[in-house]
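**Q** One predicted model, sequence on top.
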Amino acid sequence: MSTCIVKTDGLTKTYHGVNALHNLSITLEAGKIYGLIGQNGAGKTTLMRLIAGLGFPTTGSIQLFGHTGERALQNERKRLGCMIEYPSIVPNLTAKENLKLHRIMRGIPNIDVEDELLAFVGLSDTGKKKAKDFSLGMKQRLGIAVALISNPELLILDEPINGLDPLGVVEIRNLLKRLCEERQITILISSHNLPELYQTATDYIIIHKGEIKQTLTLTQLEGCCKHHLLISCELPEQLVSVLETQLHTTNYKVMPNKSVELYDYLDSKEHVSNVLYENGIIVTNLTNEGDTLEDYFISLVGGGRNV
């Protein structure tokens, strides 16, 4: 049975009479990477700030590790690591000095954790170089190291790959997967880079105008976005027979409207068409279908920009 790390119930946050979040209820389970998807102003950062205790809900409740109530939540938040809006680093300090500062502020006596984290995020060789002279990717990795200083069970990262070059994006992706797999840390990550989230997250939370539009697993998302040949004809039963006997595939699905989604032969549409014609199937539609994550997100929220 999965352990519940975070649970919100009817969470609402209002600023000047406008709902940044409205009646939001989600559950985060241990050992997963949750991708938080939404446009600018959708409420992603607001949600993260409320979970981290950097703000208070107008109505609704937050449960952390099975506990509620402000006193209990304050104690449970010691089990969180956060990088929200920007890395919490001091520009004129080295990477190790930054970690030492946060270690002391957190009251962590283990000095070795500094070198361990620097090695883990790939910053062991930065020496006396000041953080202000780091590349954006190095600053992001240092920010993640700072968030890991207390060995958290939940890591909250707001746009950690924003502005990174392709190499930096891959480095952060691999780092997050290692954290989840090797340290069993649950991760909540927001990003505008939807293809990258598709390669990183295990679960997805789609938020729009402060409300949850959908929560789904990677398997469910792949099902929604799965590419296929969409075939329509007058005799779907005969079509299915030809697929199995002539094209030797059962990798298809008959839809409620009697069209057929064929998940094989995606690059051989002409061959499929010829085989069907030779077997007396009059095809009324034969098209390549399937969404990218961006397509699916846009269709779900009804279009819009700043995805």
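**A** Perfect, I can see it now. Quantities reported herein were computed from a predicted structural model and do not represent experimental measurements. Numbers count the residues shown, from 1 in each chain.
**Q** all helices for the stretch 1-150 of the chain, in order.
**A** 44-52, 70-76, 95-105, 112-120, 136-147 (DSSP state H, counting those that start in this stretch).
**Q** Could you list the domains of the chain?
**A** 4-222, 227-289 (automatic domain parsing).
**Q** out of those, nearest to Ile298?
**A** Closest to Ile298 of those is domain 4-222 (Cβ to Cβ; 9.9 Å). For the C-beta atoms, the positions are set from N, CA and C on the backbone; glycine is no exception.
**Q** what about Glu270, neighbour count?
**A** The local packing of Glu270 (other Cβ atoms under 10 Å) involves 10 other residues.
**Q** can you check Tyr15 too?
**A** Using other Cβ under 10 Å, Tyr15 has 11 neighbouring residues.
**Q** How about the one 3 residues further on?
**A** By other Cβ under 10 Å, 9 other residues sit near Val18.
**Q** Next: the one 4 residues further on.
**A** Applying the criterion other Cβ under 10 Å, we find 19 residues in the vicinity of His22.
**Q** sorry, back to before: which stretch among the domains of the chain comes nearest Leu300?
**A** Nearest of those to Leu300, taken as Cβ to Cβ: domain 4-222 at 5.4 Å.
**Q** Quick check: end-to-end length of that closest one?
**A** For domain 4-222, the first-to-last residue distance is 24 Å (Cα to Cα, to the nearest Å).
**Q** Which residues are in contact with the closest residue to Gly143 other than its chain neighbours?
**A** In this structure, Gly143 finds its nearest non-sequential neighbour in Pro87, 2.6 Å apart by Cβ to Cβ, 6 or more residues apart in numbering. Contacts for Pro87 (Cβ atoms under 8 Å, 6 or more residues apart in numbering) come out as 139-140, 142-144, 146.
**Q** With respect to Leu118, which of these is nearest?
**A** Leu118 lies nearest to Leu142 out of those, by Cβ to Cβ, at 8.6 Å.
**Q** how close does the closest one get to Ser273?
**A** 55 Å (Cβ to Cβ, to the nearest Å).
**Q** Kindly report the same for Glu76.
**A** Counting by Cβ to Cβ, the gap from Glu76 to Ser273 is 59 Å.
**Q** same deal with Gln140?
**A** Distance from Gln140 to Ser273, by Cβ to Cβ: 49 Å.
**Q** Just want to know which of these two has more residues nearby.
**A** Neighbour comparison, Gln140 and Ser273: the larger count goes to Gln140, with 28 against 15 (by other Cβ under 10 Å).
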